[in-house]
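> Give the three-dimensional model of this entry:
(chains A, B, C and D)
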4 protein chains.
Amino acid sequence: MTTTSDHGATPAPAPPGYTNHKPDHLARLHKIEGQTRGVTRMVTDNRYCIDVLTQISAVTHALQEVALGIMDDHVRHCVTTAVQADPAHGQDKLDELTLALRRTLRL
Amino acid sequence: MTTTSDHGATPAPAPPGYTNHKPDHLARLHKIEGQTRGVTRMVTDNRYCIDVLTQISAVTHALQEVALGIMDDHVRHCVTTAVQADPAHGQDKLDELTLALRRTLRL
Amino acid sequence: MTTTSDHGATPAPAPPGYTNHKPDHLARLHKIEGQTRGVTRMVTDNRYCIDVLTQISAVTHALQEVALGIMDDHVRHCVTTAVQADPAHGQDKLDELTLALRRTLRL
Amino acid sequence: MTTTSDHGATPAPAPPGYTNHKPDHLARLHKIEGQTRGVTRMVTDNRYCIDVLTQISAVTHALQEVALGIMDDHVRHCVTTAVQADPAHGQDKLDELTLALRRTLRL
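Predicted coordinates for the structure are as follows:
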């Protein structure tokens, strides 16, 4: 007996919109983890300010590329599916997308 | 005989402008490393696209805060010292600063 | 007889996705035009650099808000309609959206 | 009797840091005013959402270029002069610069 259900397995949630590109996103994110550790190492080693700033620009750029990719996947799959399946649910997804865009654009 | 000096040890380079705030920057960067691994874990675990995007926004924001802090330190120490010590060298530092700002602003 | 057609009226193009919010967007854009002239006037009047920068930040923020609004309208209407009417055309719209997002995010 | 002068005209304030580049900045700003009116006209004419977004990206990019130019002038002249003339005043200018950068970076 579990807290979520007495009657059988909880249905698996729908896979996220980025499923097809998951290996690409993970490869980029692993690279970004390494770049982030690289920034820490540069500061530890007293590297020149401008060189640290250049590396931080590269990491933020790489992160924004991943965000753009996931947003593309999200619109292409999650939003499109929701809009086609249920207009009211589609509206919620569209509201949510605009809020995510607002955060990504820092507005 | 080396190309840098005939007379003994190379002088230690000047400490970077962010020396006084180095522990702060390192603390933020360690937190950012953890956040970055968190994004990777979210994608690995098939977490919802919008939640991944929210976390990426948080990491890019945190990285830009570190960049702003290092840029502040750089102007306050490296650029100011160069301008006062040697006008020609000061001009080089100012050109370099504007290029770094251009990269940070994605222009 | 018209220059565009011998055979009857050219069908009016579909109204843009922002039709419902057109008065809002135009009101914001008129305000932005005034703010932009204000920046020019500040520079003409030799106003202090930092005050000019503050005003430029306000204008770019206002422009990005209009962009976010039009992007929201576009996804909600143009993209959604295309996806529902014709999957292949929907894919083109989604590719185009991602390119627009890429430009807006400066990637 | 006033606190500023008993003897005649208030002295003219120091010219802003961007004085040497004022014609360049004004030329860019006049072009930006035209581009901004162009965005308004596009919305008035029901032009396609994506085309409006492309034009807004161009205007925000052009505005950020002016901001970068004025910030460069400001550091090169106002900040440098203040730092050399009076360390305490120089600190105020550096604090002010970082706040302006923070606004420009939307942090």
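> So the closest residue to residue A:54 other than its chain neighbours versus residue A:98, what's the distance?
Distances taken as CB to CB, 6 or more residues apart in numbering or on different chains place residue B:103 nearest to residue A:54, at 6.4 Å, with adjacent residues excluded. For the C-beta atoms, the positions are set from N, CA and C on the backbone; glycine is no exception. Applying CB to CB, to the nearest Å, the value for residue B:103 to residue A:98 is 29 Å.
> So which bits of chain A are right by chain D?
Contact residues, chain A versus chain D (CB under 8 Å from any CB of the partner chain): A:106-107.
> Indicate the residue of chain A located nearest to chain D.
residue A:106 (3.9 Å; CB to the nearest CB).
> re earlier: quick one: neighbours of the residue nearest to residue A:54, just the number.
A total of 18 residues lie near residue B:103 under the criterion other CB atoms under 10 Å in any protein chain shown.
> Now do the contacts for it.
Listed by CB atoms under 8 Å, 6 or more residues apart in numbering or on different chains, the contact partners of residue B:103 are A:53-54, A:57.
> try residue A:18
Residue A:18 is in contact with A:25, A:69-70, A:73-74, A:77, B:43, B:49, B:52, counting by CB under 8 Å, 6+ apart.
> Please report which of those residues has the highest neighbour count.
residue B:52 (28 neighbours).
> surely residue A:55 meets residue A:35?
Yes - using CB atoms under 8 Å, residue A:55 is in contact with residue A:35, at 6.9 Å.
> And those two? Which one has more around it.
Neighbours per residue (other CB under 10 Å) separate residue A:55 from residue A:35, with residue A:55 holding more: 19 against 16.
> Which element, helix or strand, includes the more buried one?
Here residue A:55 sits within helix A:49-74, counting by DSSP states H and E.
> Could you report the separation of residue A:50 from residue C:103?
Going from residue A:50 to residue C:103 by CB to CB gives 27 Å.
> nope, residue A:32 is what I meant
For residue A:32, the distance to residue C:103 equals 22 Å [CB to CB].
> Give me the contact status of the helix or strand bottoming out on mean pLDDT in chain A with chain B.
Lowest by mean pLDDT, DSSP states H and E among the helices and strands of chain A is helix A:80-85, with a mean of 91. No - using CB under 8 Å from any CB, helix A:80-85 stays clear of chain B, with a minimum separation of 11.8 Å.
> in that helix, what counts as buried?
Using 16 or more other CB atoms under 10 Å in any protein chain shown as the test for burial, helix A:80-85 gives A:80-83.
> and if you look at stretch A:95-107?
Buried residues in stretch A:95-107, defined by neighbour count with 16+ other CB under 10 Å: A:96-98, A:100-101, A:103-105.
> now, which of these lie within helices?
Using DSSP state H, the subset of those located in helices is A:96-98, A:100-101, A:103-104.
> Now pLDDT too, for the residues you listed, in CSV please.
CSV is the format used below for those (pLDDT from 0 to 100):
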residue, pLDDT
A:96, 96
A:97, 97
A:98, 97
A:100, 97
A:101, 97
A:103, 96
A:104, 95
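> From these, pick the one nearest residue C:92.
Relative to residue C:92, the closest of those is residue A:97; by CB to CB it sits at 19.1 Å.
> so how far is residue B:50 from the closest one?
Separation of residue A:97 from residue B:50 (CB to CB): 8 Å.
> any residues in contact with both of these two?
Common neighbours of residue A:97 and residue B:50 (CB under 8 Å, 6+ apart) are residue A:74.
> Which residues of chain A lie near chain C?
Counting by CB under 8 Å from any CB, chain A comes close to chain C at A:61, A:64-65, A:67-68, A:71-72, A:75-76, A:79-80, A:83-84, A:90, A:94, A:97-98, A:101-102, A:104-105, A:107.
> swap the cut-off to 7 Å and go again
By CB under 7 Å from any CB of the partner chain, the residues of chain A that approach chain C are A:64-65, A:68, A:71-72, A:75-76, A:80, A:83-84, A:94, A:97-98, A:101-102, A:104-105, A:107.
> picking up where we left off before, among the contacts of residue A:18, which has the minimum pLDDT value?
In terms of pLDDT, the lowest of those is residue A:77, showing 94.
> Contact partners for that one?
residue A:17 (CB atoms under 7 Å, 6 or more residues apart in numbering or on different chains).
> And for residue A:30, the neighbour number?
Using other CB under 10 Å, the number of residues around residue A:30 comes to 13.
> what's the closest non-adjacent residue to it?
With CB to CB, 6+ apart, the residue lying closest to residue A:30 is residue B:40, at 6.6 Å.
> now residue A:80
Nearest residue to residue A:80 in three dimensions, chain neighbours excluded: residue C:83, at 5.1 Å (CB to CB, 6+ apart).
> Quickly note the distance from that neighbour to residue C:68.
21 Å.
> Please apply the same query to residue A:81.
Going from residue A:81 to residue C:68 by CB to CB gives 23 Å.
> May I ask which helix or strand encompasses the residue nearest to residue A:30?
Using DSSP H and E, residue B:40 falls in helix B:22-44.
> For the closest residue to residue A:32 other than its chain neighbours, grab the count of nearby residues.
Nearest residue to residue A:32, sequence neighbours excluded (CB to CB, 6+ apart): residue A:62, at 5.1 Å. By other CB under 10 Å, 18 other residues sit near residue A:62.
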